[in-house]
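[1] Structure, please.
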Amino acid sequence: MEVLTTLRRLTTLSLAPLFLAVSLISIAQEEFEEEIVEEEIVEKSHMTLKELFKQLQGDESECFFTDVEFIAAEEDDVFLENKEGLIYIYTLKPVNPSPKFIYFNDCIFNTGVQSQLVFEGWDFKKLNMLGCETGSKLIFLNCTQSGNYPIHLENCILGDDLVFDNEEVVLNRIEVVNSRFDKTFIVNASIGSLIINGSVFKGDPVKFQAEDEELTHYQLALSEKEFGELIVRNCKFYSQGIATLFSMNLYKCSIDKLVLLNDSMHSLNFTDATINKSLLIDSIYVRDYIGVQNFDFPESNTNIPWYNLSGEKLAIFYTEQSHLVIPYQAKSEDQITKTLMFNDLISAYNKFNSMYHGRGDIGSANASYVEIKDIETRRQKYLVKTQPTLNLYLNYKLNIILRFFSDYATNPGKSLIQSLWVLVIFSIIYMFTFSEWDGLNYVYFKRQFILFSRYMKTKKSLKELYTKDIEKEESDFLRFKAKYIDSGKKLPRIIRLLGNVIFHMGLLQLRFTPYVYEKIDFKRSKWVELSPVRKAILGLFVFLLVVFYLLFIMVLKFINGFILSLNSFGFINVGTLPDGGIAMYFSVIESITGWFLLTIFTITLLSQILQSG
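    Numbering: from 1, shown residues only. Predicted structure coming up:
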């Protein structure tokens, strides 16, 4: 016992340092977790606008604000330049402007819902807003950039309007990355470079419910200004079902370089916009409208695959007296009656179509042309309804046929496929008609039925039943041999040789047929003399035999029908037609159809070849 006690004490002493280390680690971990909890629950420090202004006006060229919530207090009324109803406008304007490096990190601008915070006349050498939030309208008015650093917003949540408003001064560069706009981003200033990447325009219905419903509002408003470079990529615009909320407005903008990549939006307004140098648009999805009236772009340096614009989304935006935008797309009868707008819309489509032809993008050129013709065909339908004439009716129906068979002579592959379908359809029709073309008529089926019935009623085998026909054919072959092959020198040797081949092949068939009949013979007595079990087994076999025979006849009829269809379709007035029966009339109809479709195919093919050339 003493020995065991001594060992236990020694073991405890040896493990004591390990227990001590574990205890220290646990205590340190608990303290670290307490610090993290304390950091998580630490509230942002508050700063009034007066305090913010004091720091911005200080002698330091760099101003850092981290984890600060900016609020409006009573002492900030000195900045309250205007009070319109319930709207408070706080304006921070420097007394002695000097270039500043300003950094807002994880800050909140909370001056009140019914307020606006205006930074007016500041000179930014650098302005960074990282992880910031705004609950009210934030305006940068007549601010300048004296350095090469951009105004940079990243991971921000803009709960209300964000506005850059300059009357004369051109801003150098603004970058917005991975931010969220609950309302509107307004740029009423000319900018050398504006880049918006990975941002979301939420279109919060609560924010827009107080707006005038008789006006059209935009989530990204850049109208009537100049931009050296405008890039919007990986952005999503949500209209939230608000009818008067459109996505992006470039009305009367002058842009040297415009890039739209991988964006999703409700509408896009290019009305009266001008792209001076280059235009690149790809992988964008516009759900409803693209306003394109008087939209000018450089045809030689524009790259917009048509699938970005397709779906009859091009529209003419016209405004009512209340400045509510009404998109015109020539879809309803009421819109089709507006001839001037219809002409403007078709002109816009043709401008894109001409650009695609100039760039050699035949796929986009054809697809845009099809959409143009669809709109024109819809207008023809309306004109036929309101001003019916034979000429309009025929042109309308021809357009429908051309659309169905060849996409208005732009798709030779489709015209060929449709022609093949016509061949197959007529082949099926010929399967169920009787003619002298294939010999499988009513007389043939009647004769086969009688022969098979005789076989079932008598004890004769198949070989005996068909021997009479075989003997007749064999005697015909023997006479053929005696008259033409055994005639000695009356015929050239090569002719007699050929006759020998024909004779022996026919004789082989005649000898082989009885052998086959003998092997497949399945009955040795009359049907009425068979036992019930034998009748059941034989009846099942006969049923399968009849099904197989009918399938064989159907395949044979289809092959014959397809040959007849091909002859009628491709060779009008050439070759032979069925001598009688209803198939003759179907053949005439198919000949006319084939001539028409082959003409369409030829024109379509030549058109595509000439375009490619």
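
[2] use CA for all of it now, contacts and neighbours both
    Will do.

[3] Let me see the ranges of the strands in the stretch 501-613 of the chain.
    Along the stretch 501-613 of the chain, counting by DSSP state E, counting those that start in this stretch, no stretch forms strands.

[4] All the helices of it, residue numbers only.
    With DSSP state H, counting those that start in this stretch applied, the stretch 501-613 of the chain shows helices at 532-570, 583-612, listed in chain order.

[5] Can you tell me which of those is nearest to residue 297?
    helix 583-612 (22.8 Å; CA to CA).

[6] Buried ones in the closest one, by neighbour count?
    If you call a residue buried by 16 or more other CA atoms under 10 Å, then helix 583-612 has these buried ones: 583-584, 586-588, 590-595, 597-598, 600-601, 604-605, 607-608.

[7] For residue 362, find the nearest of the helices of the stretch 501-613 of the chain.
    Here helix 583-612 is closest among the helices of the stretch 501-613 of the chain (CA to CA), at 7.3 Å.

[8] list the helices and strands that closest one packs on?
    For helix 583-612, the packing partners by 3 or more CA pairs under 8 Å, 6 or more residues apart in numbering; DSSP states H and E come out as helix 390-406, helix 412-431, helix 532-570.

[9] Stretch 46-62 spans what distance, first to last residue?
    In stretch 46-62, first residue to last residue: 20 Å (CA to CA, to the nearest Å).

[10] For that stretch, report the contacting residues that lie outside it.
    63, 68-73, 75-76, 92, 94-96, 99-103 (CA atoms under 8 Å, 6 or more residues apart in numbering).

[11] Mind listing what's buried along that stretch?
    Here stretch 46-62 shows 46, 47, 48, 49, 50, 53, 56, 57 as buried, counting by 16+ other CA under 10 Å.

[12] And stretch 372-386, by the same measure?
    372-384.

[13] Reformat those as CSV; add distance to residue 363 and pLDDT.
    What follows is these, written out as CSV (distance: CA to CA, whole Å; pLDDT from 0 to 100):
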residue, distance to residue 363, pLDDT
372, 14, 95
373, 16, 93
374, 17, 94
375, 19, 94
376, 20, 94
377, 21, 94
378, 23, 94
379, 25, 94
380, 26, 93
381, 27, 92
382, 29, 93
383, 30, 92
384, 31, 92
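
[14] Kindly reformat these as CSV containing distance to residue 324 and secondary structure.
    As requested, these are exported to CSV (distance: CA to CA, whole Å; DSSP: H, G, I helix; E, B strand; the rest coil):
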residue, distance to residue 324, secondary structure
372, 27, helix
373, 30, helix
374, 28, helix
375, 25, helix
376, 27, helix
377, 30, helix
378, 27, helix
379, 26, helix
380, 30, helix
381, 30, helix
382, 28, helix
383, 30, helix
384, 33, helix
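
[15] Report the separation between residue 403 and residue 374.
    Distance from residue 403 to residue 374, by CA to CA: 8 Å.

[16] Hmm, I typed the wrong one, I wanted residue 399.
    9 Å.

[17] How about residue 599?
    22 Å.

[18] And the residue nearest to the spatial centre of the chain, what's its pLDDT?
    Closest residue to the average C-alpha location of the chain: residue 307 at 6.7 Å, with CA atoms, centre = their mean. On the pLDDT scale, residue 307 is placed at 94.

[19] How about residue 18?
    On pLDDT, residue 18 comes in at 40.

[20] Residue 254 pairs with what?
    residue 226, residue 274 (DSSP bridges).

[21] That one: neighbour count?
    Burial measure for residue 254: 22 neighbouring residues, criterion other CA atoms under 10 Å.

[22] before we move on, back to that, mean neighbour count, the helices and strands packed on helix 583-612: which tops it?
    Stretch with highest mean neighbour count among the helices and strands packed on helix 583-612: helix 412-431 (a mean of 19; mean count of other CA atoms under 10 Å).

[23] just checking, what packs against that one?
    Against helix 412-431 (3+ CA pairs under 8 Å, 6+ apart) you get helix 390-406, helix 532-570, helix 583-612.

[24] With distance to residue 315 and mean pLDDT added, can I get those in JSON lines?
    JSON lines is the format used below for the helices and strands packed on helix 412-431 (distance: least, CA to CA, whole Å; pLDDT from 0 to 100):
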{"stretch": "helix 390-406", "distance to residue 315": "23", "mean pLDDT": "90"}
{"stretch": "helix 532-570", "distance to residue 315": "43", "mean pLDDT": "79"}
{"stretch": "helix 583-612", "distance to residue 315": "28", "mean pLDDT": "77"}
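
[25] Quick one: closest of those to residue 245.
    The closest of the helices and strands packed on helix 412-431 to residue 245 is helix 390-406. By CA to CA, the value is 35.7 Å.

[26] what packs against the closest one?
    helix 362-386, helix 412-431, helix 583-612.

[27] and residue 310, what does it touch?
    367, 368, 371.

[28] again, only using 10 Å
    Residue 310 makes contact with 285, 286, 364, 367, 368, 371, according to CA atoms under 10 Å, 6 or more residues apart in numbering.

[29] three-state assignment of it?
    coil (DSSP: H, G, I helix; E, B strand; the rest coil).

[30] right, and residue 259 touches residue 232 too?
    Yes: in this structure, residue 259 is within contact of residue 232 by CA atoms under 10 Å, at 6.3 Å.

[31] Give me the common contacts of those two.
    Both residue 259 and residue 232 are contacted by 195, 281, under the criterion CA under 10 Å, 6+ apart.

[32] rewinding a little: could you name every residue contacting both of residue 399 and residue 374?
    Common neighbours of residue 399 and residue 374, using CA under 10 Å, 6+ apart, are 380, 407, 408.

[33] out of the helices and strands packed on helix 412-431, nearest to residue 358?
    Between these, helix 583-612 lies closest to residue 358; by CA to CA that is 10.4 Å.

[34] one step back: select, out of the helices and strands packed on helix 412-431, the one closest to residue 124.
    helix 583-612 (54.0 Å).

[35] Just want the angle from that closest one to helix 532-570.
    50 degrees (axes from the mean of the first three to the mean of the last three CA atoms, to 10 degrees).

[36] now helix 583-612 against helix 362-386, angle please.
    130 degrees.

[37] Lowest mean pLDDT among the helices and strands of the protein, which one is it?
    Lowest on mean pLDDT, DSSP states H and E among the helices and strands of the chain sits helix 2-41, with a mean of 43.

[38] tell me the average confidence for the next helix or strand after that helix?
    Per DSSP states H and E, the first helix or strand lying C-terminal to helix 2-41 is strand 45-48. Mean pLDDT, computed over strand 45-48, is 92.

[39] Parallel or antiparallel, which strands does strand 45-48 pair with?
    In the sheet, strand 45-48 lines up with strand 68-71 (parallel) (DSSP bridges).

[40] picking that back up, among the contacts of residue 310, who's most crowded?
    residue 368 (24 neighbours).

[41] Would you confirm that that residue contacts residue 313?
    No: between residue 368 and residue 313 there is no contact under CA under 10 Å: 11.5 Å.

[42] re the thing from before, surely the residue nearest to the centre of the chain touches residue 366?
    No: contact between residue 307 and residue 366 fails when scored by CA under 10 Å: they sit 11.5 Å apart.

[43] any idea how far residue 374 is from residue 367?
    11 Å.

[44] my guess is residue 326 contacts residue 290, does it?
    No: counting by CA under 10 Å, residue 290 is not a contact partner of residue 326; they are 11.9 Å apart.

[45] Looking only at neighbour counts, state which of the two leads.
    Using other CA under 10 Å, the more surrounded residue of residue 326 and residue 290 is residue 290, with 23 against 14.
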